[in-house]
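> the following comprises the amino acid sequence and a computationally predicted model.
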Amino acid sequence: MNNSYNLSPPLKALLEYTESALGTEILLTRRMDVPPHGMLVDDYTFGTGKNIIAFPGSTLGMLKDFVIAKNCVHLLFRGMAAKKGQYRVLSFTEESALRGADQIYLDTLKDEVTRNMEIWRKKQLIFYLYMLFHETLSDLPWSVLANILIAKKYPMMRNAQVYSLVKESMRDMHDLVPAKEFLPQRYFVMHNGLYYGRDMILAYFLTENKLNPVINIPELQKFRNLDVKEMMSVRWSRSPWYHTKIVGDAMSNVLKLSLTVDFERPAEDDLFSDLFKQGVEVANRWMVMMAMPNWYLWESPEHLNEALKQKDRIERATSAHVFGDE
C-alpha cells in the first residue's frame with residue numbers, strides 16, 4: 001500500500017487486513033475525474049494485475065477515508081469470493097439482450113408517453129434501458145452491504161458516511177428526471193424504486209432518519225403524512241413519484257428478507273464471501289420482482305468483459321430484431 005496520503009488508523013488497519021487476506025497490494029490514487037463515490041479497478045474483475053482505488057481530488061479528511069473504505073470492502077467481497085471460486089458477475093449475451101429488448105419495446109407501446117415516440121428515439125431508448133439496469137444491478141446490492149458493514153465496524157466514519165449517502169441519494173434519485181418524459185413510467189419507477197429501497201434499508205440499519213427518502217427527496221416529502229384514502233386519490237395515483245414510493249417500499253422489504261448475515265461477527269474470509277453471495281441473492285430477488293429474471297446471466301468476469309467488447313454489435317442486433325433493421 002502506498003502511504004503518501006494521510007489516512008486514519010482504522011482505514012490503515014482495513015487496508016492492511018485486505019492486502020494480507022488477499023495477498024495483494026492496493027494502490028491509492030487521487031484523481032479529479034472520478035465520481036464522488038470513487039472507483040475500484042480490481043484484478044478479479046478486469047484482469048489488470050493491479051488493485052487500484054481512486055478517490056476524487058476534492059474529497060478530504062474522513063470523507064476521503066469513507067470513500068476508500070467502501071471501495072476496499074467491495075474489493076474484499078470480490079477477492080474472497082474469487083478465492084473460493086465463487087466470483088460471478090452479471091453479464092449478458094445477444095440472446096439475453098433480445099429478451100430484454102422485446103419486453104422493453106412492449107412496455108414502450110403500452111405507455112401513453114412513449115407509444116407514439118419517434119422510432120429513432122425508441123431505438124436509442126431500448127438498449128439504453130437494458131444497459132442501465134445491468135449497471136445498477138451489478139453494483140447496488142453490494143453497495144448496500146458495504147455501507148451496512150462500514151456502519152457497524154467503523155462508527156467513527158458515520159458522519160462522513162451519512163453526508164456522502166444523502167448526497168448520493170439526491171444524485172441517484174434525480175439521475176433520470178431530465179429524461180422522464182421520454183421513458184416508460186414503469187422503468188423510471190423501477191429504477192428510482194431500487195434507490196428508494198437502498199435508502200430505506202440504510203436508514204433502518206444506520207438509524208438515520210435523514211436517509212429516509214420521504215425526508216431527503218423533495219418530490220417524495222409530500223407523501224410523508226398522507227393517509228391511505230388520500231394516497232389512493234386520482235391525483236396521487238398518477239404520480240410517478242407516488243409509484244416510486246410503492247415500488248421502493250417493496251424493494252426495501254425484499255432487502256430486509258434477504259439480509260441474513262450477521263454484520264457484527266469478526267471480519268474473516270467467510271464473512272466477506274457470505275456477503276458477496278448475499279448480494280447475488282438480493283440482485284436475483286430484485287430481478288424477479290421487476291420481471292427481469294432472464295435478462296442477464298451470472299458468468300465469469302471474462303465473459304462480461306467479452307460481452308462489453310461486443311456491446312455495439314449486440315445493440316445493432318437488438319435493433320434489427322425489434323425494428324427489422326437491415
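Done, it's in.
> ok, the nearest residue to Arg78 once chain neighbours are set aside - contacts?
Excluding the flanking residues, the one nearest Arg78 by CB to CB, 6 or more residues apart in numbering is Tyr44, at 4.6 Å. Where you see a C-beta, it was placed from the backbone N, CA and C, and this is true even at glycine. Each residue near Tyr44 by CB atoms under 8 Å, 6 or more residues apart in numbering is listed here: Arg78, Gly79, Ala82, Tyr87, Pro301.
> buried ones only from those, please, as a ChimeraX command.
Command for ChimeraX, covering only those of the contacts of Tyr44 found buried under the criterion 16 or more other CB atoms under 10 Å:
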select :78,79,82,87,301
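> among the contacts of Tyr44, which ones are in helices?
Arg78, Gly79, Ala82, Pro301 (DSSP state H).
> of those residues, which pair is most distant in space?
Within the ones in helices among the contacts of Tyr44, two members stand farthest from each other by CB to CB: Gly79 and Pro301, at 12.2 Å.
> domain parsing of the chain, as residue ranges.
Here the domain parsing of the chain from automatic domain parsing is 9-83, 89-323.
> can you redo the ones you listed as a markdown table with mean pLDDT?
Output for the domains of the chain, formatted as a markdown table (pLDDT from 0 to 100):
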| stretch | mean pLDDT |
| --- | --- |
| domain 9-83 | 94 |
| domain 89-323 | 92 |
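> measure the spatially most central residue of the chain to Glu168 for me?
Residue closest to the average C-alpha location in the chain (CA atoms, centre = their mean): Leu140, at 2.2 Å. Noted for Leu140: a distance of 11 Å to Glu168, by CB to CB, to the nearest Å.
> buried set for the longest helix belonging to the chain?
Longest helix in the chain by number of residues (criterion: DSSP H): helix 119-153. Going by neighbour count (16+ other CB under 10 Å), the buried part of helix 119-153 is 122-123, 125-127, 129-131, 133-134, 136-138, 140-151, 153.
> before we move on, what about stretch 177-197?
182-197.
> repeat that for stretch 271-287.
Of the residues in stretch 271-287, 271-276, 278-280, 282-287 count as buried by neighbour count, 16+ other CB under 10 Å.
> and the strands in the stretch 1-150 of the chain, which stretches?
Using DSSP state E, counting those that start in this stretch, the strands of the stretch 1-150 of the chain run over residues 26-31, 39-41, 51-56, 89-91.
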